[in-house]
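>>> predicted structure and sequence below. I'll ask about it afterward.
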Amino acid sequence: MPVLKEVNVKNFPLVFKFAPACAVVLSLFSSPVIAANVVLKNGDRLTGEIVKLSDNILTFKSPLFGEVELPWKQVLELQSDDGVTVKLKDGSTAKGKVTLSQQGELVIDQGDLGRSRPLQRADVAMFNPPVVDRSVKYSGRANLGGVFNRGNSEDDALNFDTEFIARTPENRYTVAAEVNEAESAGVTTTSNRYLLTQYDAFLSEKDYLFVNAKGEQDKLADLNLRTSLGAGYGYQFFETERAKLSTEYGLAYINEDYIVAPDESFPSLSLGLNYERKFWNKRLVFFNNNDLSVSLEDTADALFKTKVGLRVPIVENVNVATQVNLDYDNMPPPGVKKTDSSLIFSVGYGF
């Protein structure tokens, strides 16, 4: 049978002596670590962790209340034990322990790198700014529609439009094209083409400068080629996966080469509005693109182009679309109508 060793009772006092210390150590590891303390101007105190500071709203996570949003101007004192990334309004960033005094001075302790000079509350733009993804994001679409009748009637129609966008935080490149051709009983009833290339340089999240080049042809409107070179300022109100809205204001130089009518060229003021919105869990896409050019030599000479329509996904990346195109020329060549409109149905692919 096993032999039981005799236990030296004299060692027990030593074990009991260290037991309280071990308990304290274990309690430190088991207790939640409080990373920050906030004191508000009304005297309220919160402990927890700093999530972020953005648009003068401090998001603070408290073990008791969860995430709460606090007006930055109402924060009287702040102390952070964990490293917080601080972005200043001049664009510079630093990471360390943050202390905000009652006098409104903020100091960043970066450990071995030392402490920052006292900063003012107004110098701070953000805490823990989001990581900017600088990779190139691609998006685009291509829609194709057509009618081909043979027998008692002979009608052909082809509609094609495409758009490709490459996007980084600072730059956006856009190429768009559209072709519409139709023939009935051997007679051409529609023949127009459109091409756009544009580069946008973002000065901030919403402000950007752009340069573009456009080309347009419409044989039935006596237009052999209309070219436009432009530049200006744009404002991106929002650009999310669900909705996009932007406006553009600029100057352009337009040259019109007509088949019969005398050619024209003139500087113009250009205005643009682009909107896209997804509804019903992204199952329906509404879009509207508008482009207005007004001659600076004769304000009665105006060109307006608009597209409005719907795209409905049927399977992944494949959609059916319907849109109305309207072109308006306030001073067209003799014998050409001012308004030209078309209703288009197509099937497309988008990514």
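Alright, I've got the coordinates.
>>> list the contacts for the residue nearest the centre of the chain?
For the chain, Glu239 is the residue whose C-alpha lies nearest the centre (C-alpha atoms, centre = their mean; 3.0 Å). Contact analysis of Glu239 by C-beta atoms under 8 Å, 6 or more residues apart in numbering lists 245-246. Backbone N, C-alpha and C define where each C-beta goes, glycine included.
>>> mind running it again at 7 Å?
Contact analysis of Glu239 by C-beta atoms under 7 Å, 6 or more residues apart in numbering lists nothing.
>>> ok, it to Gly250 distance?
19 Å (C-beta to C-beta, to the nearest Å).
>>> ok, now how distant is Tyr249 from Thr227?
With C-beta to C-beta as the criterion, Tyr249 and Thr227 are 20 Å apart.
>>> just want to know which of the two has more residues nearby.
Each of Tyr249 and Thr227 has its neighbours counted (other C-beta atoms under 10 Å); Thr227 has more, 16 against 13.
>>> centre of the chain to the one helix or strand that one maps to, how far?
Take DSSP states H and E as the rule and Thr227 turns out to sit in strand 223-239. In terms of C-alpha atoms, centre = their mean, to the nearest Å, the centre of strand 223-239 is found 18 Å from the chain centre.
>>> tell me which residues in it are buried?
Buried positions in strand 223-239, judged by neighbour count with 16 or more other C-beta atoms under 10 Å: 223, 226-228, 230, 232, 234, 236.
>>> in its sheet, which strands sit next to the next helix or strand along the chain from that strand, and in what direction?
Under the assignment DSSP H and E, the closest C-terminal helix or strand after strand 223-239 is strand 243-258. Using DSSP bridges, the strands paired with strand 243-258 are strand 223-239 (antiparallel), strand 264-279 (antiparallel).
>>> buried stuff in strand 243-258?
Neighbour-count burial for strand 243-258, with 16+ other C-beta under 10 Å as criterion, is recorded at 244-246, 248, 250, 252, 254, 256, 258.
>>> ok now it, how far from the chain's centre?
21 Å.
>>> can you check stretch 173-181 too?
22 Å.
>>> verify the stated contact: Leu70 with Leu58.
Yes - taking C-beta atoms under 7 Å as the definition, Leu70 is a contact partner of Leu58 at 4.5 Å.
>>> neighbour-wise, which of those two wins?
Leu58 (20 against 17).
>>> where's the more buried one, which helix or strand?
strand 57-62.
>>> and the next helix or strand past that strand?
strand 66-71.
>>> low-confidence ranges, the stretch 1-150 of the chain, go.
Residue ranges of the stretch 1-150 of the chain with pLDDT under 70: 1-34, 150.
>>> so where do the helices sit in the stretch 51-200 of the chain?
Counting by DSSP state H, counting those that start in this stretch, one finds no helices in the stretch 51-200 of the chain.
>>> and the strands in it, which stretches?
Listed in chain order, the strands of the stretch 51-200 of the chain (DSSP state E, counting those that start in this stretch) span 57-62, 66-71, 75-80, 84-88, 93-100, 105-109, 119-120, 124-127, 137-149, 155-167, 171-184, 187-202.
>>> could you dump those into TSV with distance to Asn317 added?
Shown next, in TSV, are the strands of the stretch 51-200 of the chain (distance: least, C-beta to C-beta, whole Å):
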stretch	distance to Asn317
strand 57-62	36
strand 66-71	36
strand 75-80	46
strand 84-88	37
strand 93-100	39
strand 105-109	47
strand 119-120	49
strand 124-127	36
strand 137-149	9
strand 155-167	14
strand 171-184	19
strand 187-202	23
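>>> from the middle of its chain, how far away would stretch 140-155 be?
36 Å.
>>> restricting to C-alpha, output that stretch in CSV.
This file holds the C-alpha atoms of stretch 140-155, laid out as CSV (Å, rounded to 0.1, in the frame of the first residue of the first chain):
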residue,chain,number,x,y,z
GLY,A,140,-18.4,49.7,-62.6
ARG,A,141,-21.3,48.6,-64.7
ALA,A,142,-22.2,47.7,-68.3
ASN,A,143,-25.8,47.6,-69.6
LEU,A,144,-26.9,46.3,-73.0
GLY,A,145,-30.3,46.5,-74.6
GLY,A,146,-31.5,45.7,-78.2
VAL,A,147,-34.4,45.0,-80.5
PHE,A,148,-34.1,43.0,-83.7
ASN,A,149,-37.3,42.4,-85.7
ARG,A,150,-37.4,40.5,-89.0
GLY,A,151,-40.5,39.6,-91.1
ASN,A,152,-43.3,42.1,-91.7
SER,A,153,-41.2,44.8,-90.1
GLU,A,154,-37.4,45.3,-90.0
ASP,A,155,-36.3,47.2,-87.0
